[in-house]
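>>> dropping a prediction and its sequence here:
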Amino acid sequence: QVQLVESGGGLVQAGGSLRLSCAASGRTFSTYNMGWFRQAPGKERDFVAGITWNAGNTYYADSVKGRFTISRDNAKNTVYLQMNSLKPEDTAVYFCATASVMTRTIVNRISSYNYWGQGTQVTVSS
């Protein structure tokens, strides 16, 4: 069993930045591939970014490429999402999740992920 706790959300003006954190329980965090998803009201949960267990590969949705950066610190059992140049359309609840397998083909599929956090709200005002 893995527990994930997201933090760092909040209200920010367009053009601003936020850094989300996802802290994981357990001693095997370094073996987990990790992903970030987001869900806006009335919309489906969408893939944002993914990172493999050793940070050897990172993946991004086209909508955030060049603005968001995913990283991880295995010594702290934490994965991060640095979000720059935020836009009102980035407003959503952001979730982190673990994945047993991560490849470019499946990284954006919800079904690829096993454990999920409770989410953190990000609101970008115009």
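In hand now; what should we look at?
>>> so what's residue 110 up against?
By Cβ atoms under 8 Å, 6 or more residues apart in numbering, the contact list for residue 110 reads 37, 45, 47. C-beta here means a position set from N, CA and C on the backbone, and glycine is covered the same way.
>>> and if you look at residue 116?
4, 95-97.
>>> one more pass at 10 Å, please.
Residues counted as contacts of residue 116 (Cβ atoms under 10 Å, 6 or more residues apart in numbering) are 2, 4, 6, 35, 37, 45, 95-98, 110.
>>> what is the mean pLDDT for the helix or strand where residue 59 lies?
Applying DSSP states H and E as the criterion places residue 59 in strand 58-60. When pLDDT is averaged over strand 58-60, the result is 98.
>>> thinking again about what came up before, now the buried members of the contacts of residue 110.
Buried members of the contacts of residue 110, counted by 16 or more other Cβ atoms under 10 Å: 37, 45, 47.
>>> all strands of the protein, in order?
Per DSSP state E, the chain carries strands over the ranges 4-7, 10-13, 18-24, 33-39, 45-51, 58-60, 68-73, 78-83, 92-99, 113-116, 120-125.
>>> confidence score at the spatially most central residue of the chain?
Centroid-nearest residue in the chain, with Cα atoms, centre = their mean: residue 36, separated by 2.1 Å. Looking at residue 36, its pLDDT stands at 98.
>>> residues in contact with the residue nearest to it when sequence neighbours are not counted?
Excluding its sequence neighbours, the residue lying closest to residue 36 (Cβ to Cβ, 6 or more residues apart in numbering) is residue 48, at 4.3 Å. The neighbourhood of residue 48, defined by Cβ under 10 Å, 6+ apart, consists of 20, 35-38, 59-61, 63-64, 68, 70, 81, 83, 90, 92, 94-96, 108.
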